[in-house]
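Peer 1: sharing a sequence plus its predicted fold:
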Amino acid sequence: MDVDLKKDGIERCARIFNTQKYNVHDGPGVRTLIFFKGCPLRCKWCSNPEGLRSDCQVMMKKNACINCGLCVGVCPKKIHYMENGVHKINRDITCIGCRKCEKACLQNAIEIVGEDKTISEIMDIVREDKDFYLMSGGGLTVGGGECSNQAESLKSLLEASHMDGINTAIETCGYMSQKSLDLIKDHVDLFLFDIKQMDPVKHKYWTGVNNERILRNLAYLLENGHKVRVRMPILKGVNDSKEEIMAVVDFLEDYKCFKNFDGIDLLPYHRYGVGKYGQLDMEYPMDKEMEGEFGLSGEELDRIQKWIDEENIEVNLVRH
């Protein structure tokens, strides 16, 4: 085992909340996608709300719960309780991830999100499909949440993948310190790097943070030879105007001829993760926005794609 997998004699762990095999949308070829928990952004349209916080959380399908109370008796933290015969969850108490409630639930209504796995355990999952990676030019993609939130563990996982001859990619919002970026940059074969909005005020409104650090990191990666594919979540009334699209194009103008710039993916808005908000007793932020419908028609998406294509930048519209 490589020494970098250990700290003080103990193997590093990463807190993950999902794995997805046979993925073909997040990097070249067939890939295994590992989701790290925790994110510094709070994008209003996030489709993985269970990946925002770094701690373990209880997800509950309320329509499956029969209010039997079995989870109440086994939870050591008293997160579960009954009120007038109805099962409730105290969201102010931090879940320790013991999964006793999940195991006790006869209806499979409870799921604990957040699991600590050693780098070796994650690599065991990744290696299962190594033949598919070799045949397709695929590999490992690490997303989240924001995987750079666990930079030391991310570095160890990427290094272990390279030791096995497995291609690596990460999905990142780009909001990380220079220290974290320096830790991982030489172990990433492809950065799938988000640009959500060029205007700093709008960026902060929609994501909770300013974009100065993000754009600085993007420029640094491009200028230092790291392979980058820009990804743009596209939402109607948020960042779909020609002015906003061209602001991204203008930022990338100096880099579009760089061999390490791999073009742009357009990611249309969808509502696939909305149901998970209810399972976490969270409100879906986009439902509180006055604009209403944020999805774009095929014609509107084609028009955005054409704007970018006319600027001689490779652009791909990702259609799930």
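Peer 2: Everything's here; your move. Residues are numbered from 1 along each chain as shown.

Peer 1: please make it C-alpha for all contacts and neighbour counts, starting now.
Peer 2: Will do.

Peer 1: so what touches stretch 40-47?
Peer 2: Applying C-alpha atoms under 8 Å, 6 or more residues apart in numbering, the contact partners of stretch 40-47 are 52, 146, 149, 173, 175, 206-209, 269, 271-274, 284-286.

Peer 1: actually, stretch 237-257.
Peer 2: 195-198, 222-223, 234, 261, 263, 291, 294, 304, 307-308, 311-313.

Peer 1: and the contacts of stretch 40-47, which are buried?
Peer 2: L52, E146, N149, C173, Y175, W206, T207, V209, Y269, V274, Y284, M286 (16 or more other C-alpha atoms under 10 Å).

Peer 1: how about the fifth one, secondary structure?
Peer 2: Of the three states, Y175 takes coil according to DSSP: H, G, I helix; E, B strand; the rest coil.

Peer 1: quick check: phi and psi on it?
Peer 2: As for Y175, its main-chain torsions (degrees, to the nearest 10) stand at phi -90, psi 80.

Peer 1: contacting residues for it?
Peer 2: P40, L41, N211, R213, I214, N217.

Peer 1: that's a helix at the fourth one, yeah?
Peer 2: Yes. Read with three-state DSSP, R213 is one of the residues of a helix.

Peer 1: check what pLDDT the closest residue to it other than its chain neighbours gets.
Peer 2: Spatial nearest neighbour of R213, excluding adjacent residues (C-alpha to C-alpha, 6 or more residues apart in numbering): Y175 at 6.1 Å. Looking at Y175, its pLDDT is 98.

Peer 1: again, but for G295
Peer 2: On the pLDDT scale, G295 is placed at 93.

Peer 1: what do you get for E289?
Peer 2: The per-residue pLDDT reported for E289 equals 83.

Peer 1: dump the residue contacts of it.
Peer 2: No contacts exist for E289 under C-alpha under 8 Å, 6+ apart.

Peer 1: from now on call the first residue 568
Peer 2: New numbering, starting at 568: the last item is E856.

Peer 1: what about it, distance to E867?
Peer 2: As judged by C-alpha to C-alpha, to the nearest Å, E856 and E867 stand 21 Å apart.

Peer 1: what stretches of the stretch 568-717 of the chain score poorly on pLDDT?
Peer 2: For the stretch 568-717 of the chain, the stretches with pLDDT under 70 are 568-576.

Peer 1: can you tell me the SS state at the closest residue to D756 other than its chain neighbours?
Peer 2: Closest residue to D756 apart from its sequence neighbours, by C-alpha to C-alpha, 6+ apart: T735 at 5.2 Å. Three-state call for T735 (three-state DSSP): strand.

Peer 1: show me the beta-bridge partners of T735.
Peer 2: Counting by DSSP bridges, T735 forms beta bridges with L707.

Peer 1: that one touches S728, doesn't it?
Peer 2: Yes. Using C-alpha atoms under 8 Å, T735 is in contact with S728, at 7.0 Å.

Peer 1: what is the burial count for E790?
Peer 2: 14 (other C-alpha atoms under 10 Å).

Peer 1: gap between stretch 614-627 and the chain center?
Peer 2: 12 Å (C-alpha atoms, centre = their mean, to the nearest Å).

Peer 1: that older thread, can you tell me which of the contacts of stretch 804-824 end up in helices?
Peer 2: The helices, defined by DSSP state H, take in L789, E790, I871, W874, I875 from the contacts of stretch 804-824.

Peer 1: from those residues, pick the one nearest L757.
Peer 2: For those, the residue nearest L757 by C-alpha to C-alpha is L789; the value is 11.3 Å.

Peer 1: circling back to that earlier point, pull out the buried members of the ones in helices among the contacts of stretch 804-824.
Peer 2: L789, I871, W874, I875.

Peer 1: of all those, which two lie farthest apart?
Peer 2: L789 and I871 (23.4 Å).

Peer 1: pull the longest strand from this protein.
Peer 2: Ranked by residue count and defined by DSSP state E, the top strand of the chain is strand 580-590.

Peer 1: list the buried ones in it?
Peer 2: Under 16+ other C-alpha under 10 Å, the buried positions of strand 580-590 are C580, A581, R582, I583, F584, N585, T586, N590.

Peer 1: same question, stretch 842-859
Peer 2: Under the neighbour-count criterion of 16+ other C-alpha under 10 Å, stretch 842-859 has K843, Y844, Q846, L847, Y851, M853 buried.

Peer 1: does L789 touch K826 like I think?
Peer 2: No. L789 is beyond contact range of K826, at 9.4 Å (criterion: C-alpha under 8 Å).

Peer 1: in TSV, list the buried residues of stretch 842-859 along with distance to K667, secondary structure and pLDDT.
Peer 2: Listed next are those as TSV, based on distance: C-alpha to C-alpha, whole Å; DSSP: H, G, I helix; E, B strand; the rest coil; pLDDT from 0 to 100:
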residue	distance to K667	secondary structure	pLDDT
K843	21	helix	97
Y844	22	helix	97
Q846	18	helix	97
L847	18	coil	98
Y851	28	coil	96
M853	34	helix	94
